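1. Sequence and predicted model, in that order:
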Amino acid sequence: MAMVFGGDHRAAELSEQAQKLYGAISGQDWALAATLQASDPNSRQELVTWGFISDEEPPVARDPQQVLRDMVSRELAAASRHIALVSTMPELSRDMIREYRQGQLRAGTSSVYLADQDTVNRRLQDVIGDARREILAAQPGGPRKREVLKTAITRDGAALDRGVELRTIYRDTVRDHALTAEYARTMSTRTGGRPAQYRTLVADFERMVIVDRETAVLSDHIVEGGPENAAWLVTDPAVVTVLARMFDANWRRAQPWTGELRPSRRSDVRNAGTAGDGVRTDRRQRGILRYLCGGESQDVTARKMGVSRRKLQGEIAVLKELWGVRTLAELTYQYGSSPDRLVDDTDPAADVTTGPAG
């Protein structure tokens, strides 16, 4: 029967020929030993390497029980060292990632382009997995898909279990979406670790995830003709600090939410737009109003809408007449308390997982 044992300097298996040679040497049958060595010149070196015989002439057979006991002790000691090494790997990984990111900063590569959804998700998983204190997520895509929420339960739950604070801003339309509401109720009332915190905002805002105010992942608006789901991983301290301040400002403006559904919600708010449900604006008009309610100036709003300031002012005048108001402040107030603000003009197919899906 072949004997199998691990080791750095010996074969993983002691051959049957070497075992036969050991029997000949231990019985001092030198004629048989010479025949066996002639048929397999490596068999003697196997026995020497394993420690079963001495490396002399003639070789001396050693007690196999003692040899194996010594071998087991060495292997157990090696295994203990390997286990100790493996146990340090998570901390080592965090340290090496930190050094890598600092190296990127020193090299001036503080923004990394993530060109496809799989790359975005992998890097996001790593970044969230390394979170020590805080995750800030802005999700303007409206109601979440079932598979996205399912992924978030494990990923975000693990961060909350570590004591990480998780705050997420959603579009106001999630208050009419049963699946997202159920998820928010579950995560905001959990008893293990920290509960998650959610707020909703009527105005437009940028999709982003900020971890420990050191790293941010945000949607790509730079690469012309780039993939729809592309993103940027940003570690520049100045940029990440500004993004975190933007999130904090939106958080203060947003309304707290723990997953309660609106009592008078329609079955499908996204399809609203008829006179019967009280909606009086079209998609373009709602886009203008969202920018204005979000605090954008008329110059910035005009640029984002692709029109001149004069053209924008004409469209605003139409909106004022539509609501029967005279000032911009009155217009934004009326919009903010109207059914129009509930209409989700985003395409659900563009619901990209570039942040905690909670």
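-> Structure's in. What do you need?
2. Now do the end-to-end distance for stretch 136-151.
-> 17 Å (CA to CA, to the nearest Å).
3. from the middle of its chain, how far away would that stretch be?
-> Centroid displacement of stretch 136-151 relative to its chain, using CA atoms, centre = their mean, to the nearest Å, is 13 Å.
4. what does stretch 69-78 give?
-> 41 Å.
5. do the same with stretch 166-179
-> 20 Å.
6. and if you look at stretch 19-26?
-> The mean C-alpha position of stretch 19-26 is separated from the chain mean by 59 Å, CA atoms, centre = their mean.
7. got the contact list for that stretch?
-> If you take CB atoms under 8 Å, 6 or more residues apart in numbering as the criterion, stretch 19-26 is touched by 2-3, 30, 32-33, 36-37, 40, 43-44, 47, 52-53, 58-59, 61, 64. (Glycine included, C-beta is placed from N, CA and C.)
8. Out of those residues, which end up buried?
-> Among the contacts of stretch 19-26, those scoring as buried are 33, 36, 37, 43, 44, 47, 52, 53, 59, 61, 64 (criterion: 16 or more other CB atoms under 10 Å).
9. will you turn the residues you listed into TSV that also has secondary structure, pLDDT and distance to residue 244?
-> Listed next are the buried ones among the contacts of stretch 19-26 as TSV, based on DSSP: H, G, I helix; E, B strand; the rest coil; pLDDT from 0 to 100; distance: CB to CB, whole Å:
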residue	secondary structure	pLDDT	distance to residue 244
33	helix	88	77
36	helix	90	75
37	helix	87	74
43	helix	89	69
44	helix	89	70
47	helix	89	67
52	coil	89	66
53	strand	89	69
59	coil	90	73
61	strand	87	73
64	helix	86	67
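10. Surely residue 332 and residue 289 touch.
-> Yes. Counting by CB atoms under 8 Å, residue 289 is a contact partner of residue 332 at 7.0 Å.
11. Going by how many neighbours each has, rank those two and give me the top one.
-> Counted by other CB atoms under 10 Å, residue 332 and residue 289 do not tie: residue 289 has more neighbours, with 26 against 20.
12. ok, now which ones touch that one?
-> 281, 319, 331, 332, 335, 340, 341.
13. repeat that with 7 Å
-> If you count contacts by CB atoms under 7 Å, 6 or more residues apart in numbering, residue 289 has them with 281, 319, 335.
14. Please apply the same query to residue 335.
-> Counting by CB under 7 Å, 6+ apart, the residues that residue 335 touches are 289, 293, 341.
15. Relative to residue 329, how far out is it?
-> 11 Å (CB to CB, to the nearest Å).
16. likewise residue 300?
-> Residue 300 is 17 Å from residue 329, by CB to CB.
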